[in-house]
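**Q** Quick one: sequence plus predicted model below, questions after.
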Amino acid sequence: MQKTVLPLGLLDFSLAHVQSIKRGFLARNLHQAVALAPSPSPPFESAEDENVFSRRRGRRRRPGTLTIKDSGALISSSVFKLPTNFTSPMSELGGRVLALQNIQVPLNSEESSGSESVPFPPYTDDELFSFYEDLLETASAQQPVEAMEPSEGDGDTQAMMEVRQRVRVCMQEGDLGGAERAIELMKLSGVAPPEDSVNIVLGYHALQGNIERFEGFMANILSGKPSETQRDLHIKSYLRDPTVFAPRAFPTRAIDLLHKYEASGLHAPMKSYTRVISSLFCVRLSPSSPSISSTPEVPLGRLAAHSQAWDLFAHMRYVAHPAPDAHLYALMIRACGSTPLSPEPERALDLWTEMLDAGIVPTQGTYDAVIRACAKAGGEWVSEAIRFARQMRNRIGGGASEVGGDDLQGVGGPRTWAALLDGCKRVGDLGRARWILAEAVRAQGLNEEMMQHMFHTYAAYRPPFKRGATRIVDNDGANVAPAALSNQEESLASTTEGSPDLLSVSVDVSPDSDAVPNDLSHMDTMPSFSHLPPQSPGEVLAEARALFDRILQDTNPTSHSPSNAPRDPLAGKFNVALSPRLLNAYMSVYYSHASIENARDVFDRLFSSCGIGLVGDSRTYVDALEKCALSRSRERDVAGEWVDELWTRWEELEHGWVNGDTKTTVTARLVERAHTAVRRVHLLTGNVDRAIALVRTFMSRYPPTALLPLARNPSSAQVDAPSRDATNKRAITLFAKPPILSTRTVLSNPSSTPRPLVRLTSAIGPPDERVPPLLSFADVELLHARLVEQGRGKEVGFLKWACKAYEGALRKRREAVLGARVPVGDAVQ
């Protein structure tokens, strides 16, 4: 007789009904359901006969059946064990069916009405038949199931646990070689090492940026394809390479590795793309020193890196991960406000809307990023940043601040405060900036960036008090016209605590400078910092000076208050780094609101060896030179004396930059600004000959031919006339556009020239930041006007040739780089 196996679902259903019948819950005859079945009940094999499981083991596995391992193997397994007195479920079911057939069940409800048994659930014959068909369909739809291997934590052998423990101990003790040998010995024994132990060693190599050891260990241990974690660590090792990570260089090799994984069909995880994009946003400016020629070896700089980051973001969504996560969205939105050219708030809002449409819940980092992008744009976008700050307060909750009368009550966090202060300084909103500063001090979240923005806000603030619009009334009530005081020195007020009179503290002011103080004695007292913003330039300087003195006091470890003095509640809350950026921001307050005499005194006290002795950067001297170039007529004598001192210090920085000093912060554009400012100062003082000499010095140091060829004229040569050999017969050896920046449309990504397939930048590409210093007509326009007034035709012709020489060289350079007309290596005719 043919033996069949009852489906597992029908077996459970039948056993449930048989048990209910044996307990006395019998209400109707179940033989009717058996009679309605499409086939007779299959006979079962007893336990003494051949085992059903062992008999079916040799059959070929078909879809819809269960694949069960040998019972002996199952008994020996530590995961699934059967009892020793195990009885086949088929023989037990057969015995129960026979017992069921011997039970007499009344056929009508009258016979069973007197019984005390609980009625059986009222299933009809159609319902039972429907249940049977559903169970058959479920059994046929079942997929083959194999016994799963033990999990990593539950089924580890003793050897694997020992290797894990040994790797952890070796890594804690710094014995990297011992950890590698333990994993290699396990691999030689024929057992696959645990992946987590391998990742620990690879993670250490990736953190150190040791690419050679990382790839060597990965090649020796891994026999198959690397996992997502291992691919991410591989890319991380290239980003942490000391030649890339420390100097913040362009991560070209990491991008190449990313594209090679794509070509092999193993896409890197989204975390790897985020790492590379974040590294691109941190690339420093490209060196434009004359000692570094324009060759293919010149590294790409910040402008090219930002463009490449956006292109890689679009490429990732096209090739690997179409839906970015919240962290990557926050990174790209923050980049919209950190672009080297100009902020892009529209793009930031587009990404924000796209993120919300994708169902991604904004995090606090995402809110900080969009607030920063809108605040950087200034103007009407600052109100948009404030709107996002209120929205973040309502959705996520405020920070440590819970008091205050401003509309930003409850908004807290150093990043949020820094972004809002950045917006306040762009619109000169000193009232809101002072409130944010108070909240940051109360929450002890003050940092160097916030104080930098605060000083810039003081510099951009315009006090409402105007001396020219003031009418002074004497004791008799007679009005004194402002014109009568045009040649007099008058005193203006500074706010003092508890005194509403704005004329309580006198400050010496010049009549034509809108209350610009030239005496610092009034700053010895602490201002009140009342809710009313400063009403005069003297009050602005007093508040800025008080804040800076507090910073000096908290950052100086030797300054201690007397022991009997009461404890200062603000002690230690202004302990921020005195960076050159912070010092330049503080000096900008004096450049904007003080006279040039006061600005010079403060500059000497901060940066001279006789004063505090702080260290500035190249922008420190450029800002001071531009302040002298914008001096008023009565201040030009002082500006002429100060500019000589500044120019001597600047020449030292510029010579170091020309000789290839990598620690200097001088750039080509700062060199242009410095030379333009010092020429203007000499022109304002009437020294036209010295301005012409500075132009000749500039051209000898940075000739027009430096924009094109590999070799340049000696710096000592004097440039008095155009040279045909220097401009028309020099071969262009400029770098071509790298393949990674190519905008050619491709449908494949060969390993020889890996690059993004989709780009967000224009076909022209990013601006070239490796252009050496040059001269434009706008830089010498004032000099040209003075020469025309004096009728010096020869110098006017020289000036015109100089501007046209730089303009022509720059045009040829652009055509050579873009490949529009002049190919690389051809001579320029």
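**A** Yep, that arrived.
**Q** show me where pLDDT drops low in the stretch 601-750 of the chain?
**A** For the stretch 601-750 of the chain, the stretches with pLDDT under 70 are 611, 709-750.
**Q** residue boundaries of the helices in it?
**A** With DSSP state H, counting those that start in this stretch as the criterion, the stretch 601-750 of the chain has helices at 618-629, 636-658, 668-684, 688-701, 724-728.
**Q** Arrange those in a markdown table, one row each, with mean neighbour count and distance to residue 331 as further columns.
**A** To be clear about C-beta, it is placed using only N, CA and C from the backbone, and glycine gets the same treatment. Shown next, in a markdown table, are those (neighbours: other C-beta atoms under 10 Å; distance: least, C-beta to C-beta, whole Å):
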| stretch | mean neighbour count | distance to residue 331 |
| --- | --- | --- |
| helix 618-629 | 23 | 27 |
| helix 636-658 | 17 | 32 |
| helix 668-684 | 22 | 27 |
| helix 688-701 | 18 | 41 |
| helix 724-728 | 12 | 46 |
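**Q** Report the buried residues of stretch 413-426.
**A** By neighbour count, with 16 or more other C-beta atoms under 10 Å as the criterion, the buried positions of stretch 413-426 are 413-426.
**Q** ditto for stretch 301-317
**A** In stretch 301-317, counting by 16+ other C-beta under 10 Å, buried: 301-313, 315-316.
**Q** mind exporting that stretch as CSV, just the C-alpha atoms?
**A** Extracted C-alpha coordinates of stretch 301-317, given in CSV (Å, rounded to 0.1, in the frame of the first residue of the first chain):
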residue,chain,number,x,y,z
GLY,A,301,42.3,73.1,-4.4
ARG,A,302,39.2,74.0,-2.5
LEU,A,303,37.1,75.3,-5.4
ALA,A,304,37.7,72.1,-7.4
ALA,A,305,37.1,70.0,-4.3
HIS,A,306,33.7,71.6,-3.6
SER,A,307,32.6,71.0,-7.2
GLN,A,308,33.8,67.4,-7.1
ALA,A,309,31.9,66.9,-3.9
TRP,A,310,28.6,68.0,-5.5
ASP,A,311,29.3,65.9,-8.5
LEU,A,312,30.1,62.8,-6.4
PHE,A,313,26.8,63.4,-4.5
ALA,A,314,24.9,63.3,-7.8
HIS,A,315,26.9,60.3,-9.0
MET,A,316,26.2,58.3,-5.8
ARG,A,317,22.5,58.8,-6.2
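**Q** average pLDDT across it?
**A** Mean pLDDT, computed over stretch 301-317, is 89.
**Q** Give me the contact list for it.
**A** 250, 255, 270, 273, 276-277, 280-281, 283-287, 300, 323-324, 328, 332, 335, 339-341, 740-741, 756-761, 765-770 (C-beta atoms under 8 Å, 6 or more residues apart in numbering).
**Q** Could you list which of these belong to strands?
**A** Applying DSSP state E to those, no entry is found in strands.
**Q** element containing residue 198, please.
**A** helix 195-208 (DSSP states H and E).
**Q** on contacts alone, who are the packing partners of that helix?
**A** On a contact count with 3 or more C-beta pairs under 8 Å, 6 or more residues apart in numbering; DSSP states H and E, helix 195-208 meets helix 158-173, helix 176-188, helix 211-221, helix 228-239.
**Q** The third one to helix 176-188, inter-axis angle?
**A** Calculated by axes from the mean of the first three to the mean of the last three C-alpha atoms, to 10 degrees, helix 211-221 forms an angle of 20 degrees with helix 176-188.
**Q** Just the buried residues of the helix holding residue 198, please?
**A** 197-206.
**Q** hmm, back to that, tell me which of the buried residues of stretch 301-317 is nearest to residue 601?
**A** Distance to residue 601 across those (C-beta to C-beta) is lowest for residue 302, with 36.3 Å.
**Q** Return the distance of the closest one relative to residue 249.
**A** Using C-beta to C-beta, to the nearest Å, residue 302 is found at 11 Å from residue 249.
**Q** which neighbours do the two share?
**A** What both residue 302 and residue 249 touch, as defined by C-beta under 8 Å, 6+ apart, is the set 283-284.
**Q** rewinding a little: out of the buried residues of stretch 413-426, list just those in helices.
**A** Assigned to helices by DSSP state H, the following of those qualify: 414-426.
**Q** Closest one of these to residue 535?
**A** Nearest to residue 535 out of these is residue 424 (C-beta to C-beta; 18.4 Å).
**Q** Quick check: the closest one vs residue 415, distance?
**A** 15 Å.
**Q** next one: residue 324
**A** 20 Å.
**Q** what's the answer for residue 437, then?
**A** Residue 437 is 15 Å from residue 415, by C-beta to C-beta.
**Q** May I ask which helix or strand of the protein has the lowest mean pLDDT?
**A** Ranking every helix and strand in the chain by mean pLDDT, DSSP states H and E puts strand 490-491 at the bottom, with a mean of 34.
**Q** now the angle from the lengthiest helix in the chain to helix 688-701?
**A** Taking DSSP H as the criterion, the chain has its longest helix at helix 793-818. Going by the same axes, to 10 degrees, helix 793-818 is angled at 30 degrees with respect to helix 688-701.
**Q** which stretches of the stretch 301-450 of the chain have low pLDDT?
**A** Scanning the stretch 301-450 of the chain for pLDDT under 70 picks out 397-412.
**Q** wait, residue 337 sits on residue 376?
**A** Yes. In this structure residue 337 lies within contact range of residue 376 using C-beta atoms under 8 Å: 3.8 Å.
**Q** which residues do the two both contact?
**A** Common contact partners of residue 337 and residue 376 (C-beta under 8 Å, 6+ apart): 343, 345.
**Q** Deepest-packed of the helices and strands packed on helix 195-208, please.
**A** The highest mean neighbour count among those, using mean count of other C-beta atoms under 10 Å, belongs to helix 228-239: a mean of 21.
**Q** Sweet, I'm off.
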